[in-house]
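Novice: Sharing a model that was predicted from the sequence below.
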Amino acid sequence: MSTALRYLMCAPSHYEVDYVINPWMEGNVHRSSREQAERQWQGLYQLLTSLAQVQLVEPAPGWPDMVFTANAGLVLDRNVVLSRFFHPERQGEEPYFRSWFEKQGYVVCELPEKIAFEGAGDALFDREGRWLWAGYGFRSSLESHPYLAKYLDSEVLSLRLVDGRFYHLDTCFCPLADGYLLYYPPAFDEISNRLIESRVHPDKRIVVGEADAVNFACNAVNVGRTVIVNQVTAGLAARLDSCGFAVRQTPLTEFLKAGGAAKCLTLRLTEPRTVELPQVQTTARTVELRGHLLDSALMTEVIDLIQKGGASFQIEDFKVGLRRQDTSYTRLRITAPSTDTLESVLTQLIDRGAALPEQAERDAELQPVNQQGVAPQDFYVTNIYPTEVRIAGQWVLAANQRMDGAIVVDPETASARCVLLRDVRVGDQVVCGVDGIRTRHQKARPDRSEREEFAFMASGVSSERRVELVVEQVAWQLRRLRQQGGKAVVVAGPVVIHTGGGLHLATLIREGYVQALLGGNAIAVHDIEQAFHGTSLGVDLQRGVVIQGGHRHHLKTINLIRGCGSIRQAVEQGVLRSGIFYECVRAGVPFSLAGSIRDDGPLPDTEMDLIEAQADYARLLKGAEMILMLSSMLHSIGVGNMTPAGVKMVCVDINPAVVTKLADRGSVESTGVVTDVGLFLSLLVRQLHYLGN
Ligand code: NAD
């Protein structure tokens, strides 16, 4: 017997299925037998005391699940991270467990309020003590993992649980001696399975099938080479035997009714810890993040990215800003199973403003372009945020910021610029890897007025939000821009005309609220068709009825403009006398029409060379402070990709999915409005007129 090993158990004197907080409890309320439970618990207790020392905590009346001591907390050396139960039904157990740990002289660490963590039920040390496997998804929250890493100074590998029957990690996952792992893969998401596979050699993975999983075969107590379980199939027993484990089955069916078995009924008080480095190949880097990490939920996002990217982390430092205007700081050690995984995670963190700390700062790695229009394979892909690169020890801001580009550096002038892949030239020096790159994010929170101004929109998209309220804010912004000589750009699709919004957009242009217009062939054709015939694709806009032979109007319109030479010439020749494009020509507002495969005609103004069209859009977008995207998914997405952070984007579309895609750029300036574009424009003009000049 190994007396060094200690466990904590709690007699089932008050055990009962009293409520339903997991699928196993359903239909079992008040259906368990206390006598049978006592007998089964004694069986486990006797077995365990023959292998290790077992301590007992006094059961408390009214807390039937106290018998499951695995959920008391997580112990390492003299430290215990106390559980914060997710369900109120179990929260009353906390003081009893706390008092037991304190009496035993443990240092009790407590998680912040509202961060759920259910102890060793959701956190299992690798039996060699190399790292901590931590589950989340049902009971413990992902946010608890950084605290575990900090309190216990351990590497934490987060695993996401996806099957409600296996709501705690220890119901489907059991690390065994000598690096073996007993587990049920379908209980985890794909990324977690990949993480498990990257850390545990295939020969050491003992996969159980559903038949064993539902009998809680993974809810096992492993003491040396003995595995204590409720019940296993002959096949699993043989597999464990072939790996050198002796299986000791002890019936625990009464506890299965509450969703627990051998492991749940015990808490291991002595855990291994090795100071040696992990035996697996891993690679690690340190990153720092500053900003409103908690209130902007950036910390959660970053942790999620690390997990989803297949890496893990340890928090080396965390300083919380105490006042609303204060920023927080954290330093994270990111560990990944390979350099590729690490670089891919780091790139995403850099996109969110993370920096590699001073001592690790190096100049950006540059590689030459060897083929026209083809960047080196490892090139850094740009995002919407201002990006700095380190050249000869100096941080230099890249010009022409846009997403999905590469950064070309001119070492002679120590300058950098964002370039589209097709524009890189042989010999250009392109930034590669992750070193010497940082992105600038809004450090301070916007001031109060600025925040309130867009606060109602900043949280994303809602069709229920009052459109009038959004309109008021947009009108106020447009008016301010016009007063200040700023630049507002409109991107619009033909739906603007179909919904009767053409009249209102023409008004905005005439009154000086729009400084450039971007669209495709269709908006121009429909607008001009309306000016000539009062129809849009053959539909009478006044009466909303299809005109006999009306579809011909569309082609006749195109033909007429082709005859004039261009839209401008049609206006100058007095042929075109109203509408959006008439107002653009009159007011000298530049427009750009990008072609597409759907286009009829096209109009002479429509640029069918898409590379040219993109360049023209980019030219007109330069210096824009606000972009109104009105019901054109195609052109709005194109514009979104060209626009750096800091430009206010308002996307109006009837389809919430389109709005979400466009507004969700991770920058506070973008917002979405789910509504009819004609209605939006009419309200906008009314509001502007209400505000007056
Ligand atoms: P798109 O699919 O990219 O965008 C249309 C958007 O309008 C959609 O997101 C849709 O959800 C939204 N919408 C529909 N009804 C709405 C309403 N009442 N209020 C608000 N939003 C509404 O299509 P697109 O921009 O119309 O056209 C794509 C390309 O096809 C363009 O280049 C266009 O010029 C071309 N096109 C050409 C012709 C033509 O030449 N005859 C006709 C149509 C489109």
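Specialist: That came in fine, so what should we check first?

Novice: Leaving out chain neighbours, which residue sits closest to the spatially most central residue of the chain?
Specialist: When C-alpha atoms, centre = their mean is applied to the chain, the residue found nearest the centroid is E301 (5.4 Å). Once flanking residues are discounted, E301 sits nearest to R352: 6.9 Å by C-beta to C-beta, 6 or more residues apart in numbering. Any C-beta I mention is one placed from the backbone N, CA and C, and that applies to glycine too.

Novice: Can you get me a residue count around that neighbour?
Specialist: By other C-beta atoms under 10 Å, 18 other residues sit near R352.

Novice: if I read this right, it contacts L298, doesn't it?
Specialist: Yes: counting by C-beta atoms under 8 Å, R352 touches L298, with 6.6 Å between them.

Novice: Please enumerate the helices of the stretch 1-150 of the chain.
Specialist: Assigned by DSSP state H, counting those that start in this stretch, the helices in the stretch 1-150 of the chain fall at 34-49, 88-91, 94-103, 144-152.

Novice: Now render those helices as JSON lines, adding distance to P357.
Specialist: Shown next, in JSON lines, are these (distance: least, C-beta to C-beta, whole Å):
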{"stretch": "helix 34-49", "distance to P357": "47"}
{"stretch": "helix 88-91", "distance to P357": "40"}
{"stretch": "helix 94-103", "distance to P357": "36"}
{"stretch": "helix 144-152", "distance to P357": "18"}
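
Novice: Any idea which of those has the lowest pLDDT on average?
Specialist: In terms of mean pLDDT, the lowest-scoring of those is helix 144-152 (a mean of 86).

Novice: next SSE after it?
Specialist: Next along the chain after helix 144-152, taking DSSP states H and E as the criterion, comes strand 156-160.

Novice: Look up phi and psi at L181.
Specialist: Here is the backbone geometry of L181 (degrees, to the nearest 10): phi -140, psi 130.

Novice: Which residue is the nearest non-sequential neighbour of G105?
Specialist: Closest to G105 by C-beta to C-beta, 6+ apart is R78, at 7.0 Å.

Novice: so the one you found sits right up against V107, yeah?
Specialist: Yes: when contacts are counted by C-beta under 8 Å, R78 is listed as touching V107 (5.6 Å).

Novice: Quick check: phi and psi on the residue nearest to G105?
Specialist: The phi/psi pair for R78 (degrees, to the nearest 10) reads phi -100, psi 10.

Novice: what about it, distance to N71?
Specialist: Counting by C-beta to C-beta, to the nearest Å, the gap from R78 to N71 is 20 Å.

Novice: May I have the residues that are in contact with the residue nearest to E301?
Specialist: Listed by C-beta atoms under 8 Å, 6 or more residues apart in numbering, the contact partners of R352 are L289, L298, E301, V302, L305, T439, H441, G666.

Novice: Tell me which of R78 and N71 has more neighbours.
Specialist: Of the pair R78 and N71, N71 is the one with more neighbours under other C-beta under 10 Å, namely 28 against 10.

Novice: Quick check: the more buried one touching A116?
Specialist: No: using C-beta under 8 Å, N71 makes no contact with A116, being 11.2 Å away.

Novice: overlap in contacts of these two?
Specialist: Counting by C-beta under 8 Å, 6+ apart, the residues touching both N71 and A116 are F85.

Novice: In contact with the residue of the stretch 351-500 of the chain found nearest the ligand, which residues?
Specialist: Closest approach between the stretch 351-500 of the chain and the ligand, counting by C-beta to the nearest ligand atom: G493, at 3.2 Å. Contact analysis of G493 by C-beta under 8 Å, 6+ apart lists G519, G520, A522, I523, L630, S631, S632, M633, L634, H635.

Novice: Report the beta-bridge partners for the first one.
Specialist: Taking DSSP bridges, one finds L593 as the beta-bridge partners of G519.

Novice: and it, how many residues sit next to it?
Specialist: Counted with other C-beta under 10 Å, G519 comes out at 26.

Novice: That one contacts S596, doesn't it?
Specialist: No: checked against C-beta under 8 Å, the pair G519 and S596 is beyond contact range at 10.7 Å.

Novice: rewinding a little: just checking, which of the contacts of R352 belong to strands?
Specialist: Using DSSP state E, L289, T439 are the members of the contacts of R352 that sit in strands.

Novice: Can you tell me which of the contacts of R352 has the most neighbours?
Specialist: Neighbour max across the contacts of R352 (other C-beta under 10 Å) = V302, 24 neighbours.

Novice: Roughly how far does that residue sit from S328?
Specialist: On the measure of C-beta to C-beta, V302 and S328 end up 12 Å apart.

Novice: intersection of neighbour lists for the two?
Specialist: Taking C-beta under 8 Å, 6+ apart as the criterion, V302 and S328 both touch L293.

Novice: Let me see the backbone angles for R205.
Specialist: Torsion angles, degrees, to the nearest 10, at R205: phi -90, psi 120.

Novice: Likewise for I567?
Specialist: Torsion angles, degrees, to the nearest 10, at I567: phi -60, psi -40.

Novice: Quick check: pLDDT value at it.
Specialist: 98.

Novice: likewise A458?
Specialist: So A458 comes in at 42 (pLDDT).

Novice: Let's see stretch 107-117 as PDB, backbone CA atoms only.
Specialist: The C-alpha coordinates for stretch 107-117 follow below in PDB (Å, rounded to 0.1, in the frame of the first residue of the first chain):
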ATOM      1  CA  VAL A 107      -4.000  27.500   1.200                       C
ATOM      2  CA  VAL A 108      -7.400  28.100  -0.300                       C
ATOM      3  CA  CYS A 109      -7.500  30.000  -3.600                       C
ATOM      4  CA  GLU A 110     -10.900  31.400  -4.700                       C
ATOM      5  CA  LEU A 111     -11.900  32.300  -8.200                       C
ATOM      6  CA  PRO A 112     -13.600  35.600  -8.800                       C
ATOM      7  CA  GLU A 113     -17.400  35.500  -8.400                       C
ATOM      8  CA  LYS A 114     -19.400  34.300 -11.400                       C
ATOM      9  CA  ILE A 115     -16.500  32.200 -12.700                       C
ATOM     10  CA  ALA A 116     -17.700  28.700 -12.500                       C
ATOM     11  CA  PHE A 117     -15.200  25.900 -11.700                       C
END
